[in-house]
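Peer 1: Just to be clear, the model below is a prediction. Sequence and coordinates:
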Amino acid sequence: MDMPADKMLRAWPPEGEVFPVRRVEIRVSDAAHPFFLAERDAIARNWREESAANPALYDGEMLLQSAVDICDAGVLATGHLVPFSTFLLWRKRRPRAGGLHLFGLPLLVSSDGAVVAIRMGRHTANPGKVYCAAGSLDAHDIKDGFCDIEANMAREVAEETGLDLSTALAEPVLHALHVDSVVTVLRVYRFARTAEELLAAIADHMATETEPEIDGAVAIRDSDPARHAYAAFMPPVLRWFFQRGQA
C-alpha cells in the first residue's frame, strides 16, 4: 500500500478496461493527505477562483485516496478526508504521485435494458455531465475506520434520484476500471420498472427538491460516446455493459 501512485498505475489493468474485483477495502487514515499538505496555498488560491465563478460550490469534506492497490485480493485503498477545494485542484492537475480519486458507481438498469443516468445541474462541480447517479465518498460513509462504498452508492442514488437500491436486484460481482487517476468501482443494479417508469419516478423526486443536484435523467440504450456529454468513465463502462450482451 506504500507504493507510489505512478508505479501502482503501471501494474494495473489497462486504462479504461472494466475488470471484476473480489472486494473493496478502503481504510481511512487520520493523517492529512500529502497533496493537501504540499499544496495548501495553491488550494486556497484555486478555491477563491472556483467559488467566485460558481458561488454554489460548498467546501465540505470528501475522501481522496493517497494509495490504491489492485491485486488478487481486490481493490485496497487508503483514503483521507480533505476539503472539497483540495479535490478541485487535484482534479485540475491530476499529479501521478499526488493521489487518486476512488468512488462507487451504481449502474442502474431498467427492466427493458436501458441504463438510467442523470445530467448534473449547472450549479454543481460537474455541470451538464451525464453519468449514473454517484458521488464522492465522505464522512457519512465511514464506519470503524473503513469506508462502506455500497452504502455510499445507495445514499447517492436516493439523494439524487429518489430511487431505492434495495428494491433492485444487485449483480453479485463488483467491477472496476481506472481512467486518468480516477478509480471507479461499479455494481449493476436491475430494477423491475421500465426506463420510462424510472425516469418518471426521478422527475417526481426532483419536483420535491427546492434545489435539485440534477437537471434531469436519461435512458441510455447504446454505447455511442457522443450520445451525451458523458463523464470520462462512462463511455468505457457503457461499452463493457452493452457488449457483454446482458442488457
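Peer 2: Received it, and whenever you're ready, just let me know what you need. Numbering: from 1, shown residues only.

Peer 1: does Ala52 sit in a helix, a strand or a coil?
Peer 2: When classified by DSSP: H, G, I helix; E, B strand; the rest coil, Ala52 comes out as helix.

Peer 1: Tell me where the protein has helices.
Peer 2: 5-11, 34-38, 40-53, 84-93, 149-161, 195-207, 234-243 (DSSP state H).

Peer 1: Out of the ones you listed, flag the one nearest Gly128.
Peer 2: Closest to Gly128 of the helices of the chain, according to Cβ to Cβ: helix 234-243, at 13.1 Å. Any C-beta I mention is one placed from the backbone N, CA and C, and that applies to glycine too.

Peer 1: Could you list every helix and strand that that closest one packs against?
Peer 2: Judged by 3 or more Cβ pairs under 8 Å, 6 or more residues apart in numbering; DSSP states H and E, helix 234-243 is in contact with strand 101-109, strand 115-120, strand 174-179, strand 182-190.

Peer 1: can you rerun that using 7 Å?
Peer 2: Contacts defined by 3 or more Cβ pairs under 7 Å, 6 or more residues apart in numbering; DSSP states H and E place helix 234-243 against strand 174-179.

Peer 1: Centre-most residue in this protein?
Peer 2: Phe103 (4.0 Å; Cα atoms, centre = their mean).

Peer 1: got a list of what that residue touches?
Peer 2: When contacts are counted by Cβ atoms under 7 Å, 6 or more residues apart in numbering, Phe103 touches 134, 136-137, 184.

Peer 1: Columns distance to Asp148, pLDDT and neighbour count on top of those, output as a markdown table?
Peer 2: Putting these into a markdown table (distance: Cβ to Cβ, whole Å; pLDDT from 0 to 100; neighbours: other Cβ atoms under 10 Å) gives the following:
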| residue | distance to Asp148 | pLDDT | neighbour count |
| --- | --- | --- | --- |
| Ala134 | 14 | 98 | 22 |
| Ser136 | 14 | 96 | 19 |
| Leu137 | 9 | 98 | 26 |
| Thr184 | 17 | 98 | 24 |
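
Peer 1: out of those residues, which one sits closest to Asn152?
Peer 2: Leu137 (5.4 Å).

Peer 1: Quick check: Pro235 touching Ala226?
Peer 2: No: contact criterion Cβ atoms under 7 Å: Pro235 and Ala226 do not qualify, at 9.1 Å.

Peer 1: In terms of neighbours, single out the busier of the two.
Peer 2: Legend: neighbour count by other Cβ atoms under 10 Å for Pro235 and Ala226, higher for Pro235 (18 against 7).

Peer 1: Now do the same for the more buried one: its pLDDT.
Peer 2: Residue-level confidence at Pro235 comes out at 98, pLDDT.

Peer 1: cool, and the one 4 residues further on?
Peer 2: At Arg239 the predicted local distance difference test score is 98.

Peer 1: Other residues contacting stretch 26-42?
Peer 2: Contacts for stretch 26-42 (Cβ under 7 Å, 6+ apart): 43, 63-64, 66, 77-80, 82, 86, 89-90, 98-99, 102, 142, 145-147, 149.

Peer 1: distance of Ala139 from Thr184?
Peer 2: Using Cβ to Cβ, to the nearest Å, one gets 21 Å for the distance from Ala139 to Thr184.
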